[in-house]
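Colleague: Sharing a sequence plus its predicted fold:
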Amino acid sequence: DAKGKELDVREESLNIKEKKINAREDHFNRIFTNHHGKQRVIVQVGDTSFETTYDILLSCPDSYFHIFQWTEEKELVESPDKVFIPRNPVSFRYVLEYLTYGELHSQLSDKGLLNMLVADAKFYGLPKLAEKVQDCLGSLGVEADLKQRLKALEEASVKYDKLIEELSSIRTVNDISKTQ
């Protein structure tokens, strides 16, 4: 009877371990399928091709990519491997980065690119990305304003130093005149 209980405990332990292994295997199979399976899609933006997956394109609800018709096998109905979008590929690189990671990791400081990215984020139905990029633009504006103010202060400081120098020269001349 003791051996029977010990066997039951071992069997239960093995069942738990097997469930964990199966769950881990399912997880890795999903990851592998998402990145290496049939779900691959080529997105042609302007003159540049980007390769990604169905899941990444559809990672944000209500985005532009939900307008395409997808089969249950996660392929496009009309063109199984390619989507063409007549937009600028430079900003799409950052759109794809946002879709992949859920945030924008790149540090952007080009106002023109940021403005284009705001427009494209709105076009692709990604309001959170548009808001984040708008914040970047705002901080660039604040930064530019601070730089402009700093430059004005530096110029004023140089003028102040020159005035102090002139005043000192005038006092020296005045002191010499008094002694004569």
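Modeller: The structure has been received and is ready for your questions. Source: prediction; values computed, not measured.
Colleague: Please name the nearest non-neighbouring residue to the residue nearest the centre of the chain.
Modeller: Centroid-nearest residue in the chain, with Cα atoms, centre = their mean: residue 104, separated by 0.8 Å. Among residues not flanking residue 104 along the chain, residue 98 sits closest, at 5.2 Å (Cβ to Cβ, 6 or more residues apart in numbering). Any C-beta I mention is one placed from the backbone N, CA and C, and that applies to glycine too.
Colleague: how about residue 84, phi and psi?
Modeller: Residue 84 adopts backbone torsions of phi -110, psi 130, taken as degrees, to the nearest 10.
Colleague: can I assume it is in contact with residue 44?
Modeller: Yes. Counting by Cβ atoms under 8 Å, residue 44 is a contact partner of residue 84 at 4.6 Å.
Colleague: who are the neighbours of the helix or strand of the chain with the lowest mean pLDDT, in terms of helices and strands?
Modeller: Least confident helix or strand, the chain: helix 127-179 with a mean of 79, by mean pLDDT, DSSP states H and E. In terms of contacts (3 or more Cβ pairs under 8 Å, 6 or more residues apart in numbering; DSSP states H and E), helix 127-179 is packed against helix 111-123.
Colleague: Taking helix 127-179 as reference, get the angle to the helix it packs on.
Modeller: With axes from the mean of the first three to the mean of the last three Cα atoms, to 10 degrees defining the directions, helix 111-123 sits at 150 degrees from helix 127-179.
Colleague: quick one: average confidence on helix 111-123?
Modeller: On average, the pLDDT along helix 111-123 is 94.
Colleague: who's in contact with the residue nearest to residue 104?
Modeller: Each residue near residue 98 by Cβ atoms under 8 Å, 6 or more residues apart in numbering is listed here: 104, 121, 126, 129.
Colleague: please redo it, this time with the cut-off set to 7 Å
Modeller: Counting by Cβ atoms under 7 Å, 6 or more residues apart in numbering, residue 98 touches 104, 126, 129.
Colleague: and if you look at residue 51?
Modeller: Contacts for residue 51 (Cβ under 7 Å, 6+ apart) come out as 40, 42.
Colleague: now the helix or strand containing it, how far from the centre of its chain.
Modeller: Following DSSP states H and E, one finds residue 51 within strand 48-53. Between the centre of strand 48-53 and the centre of its chain there are 17 Å (Cα atoms, centre = their mean, to the nearest Å).
Colleague: Quick check: buried residues in that strand?
Modeller: 50, 52, 53 (16 or more other Cβ atoms under 10 Å).
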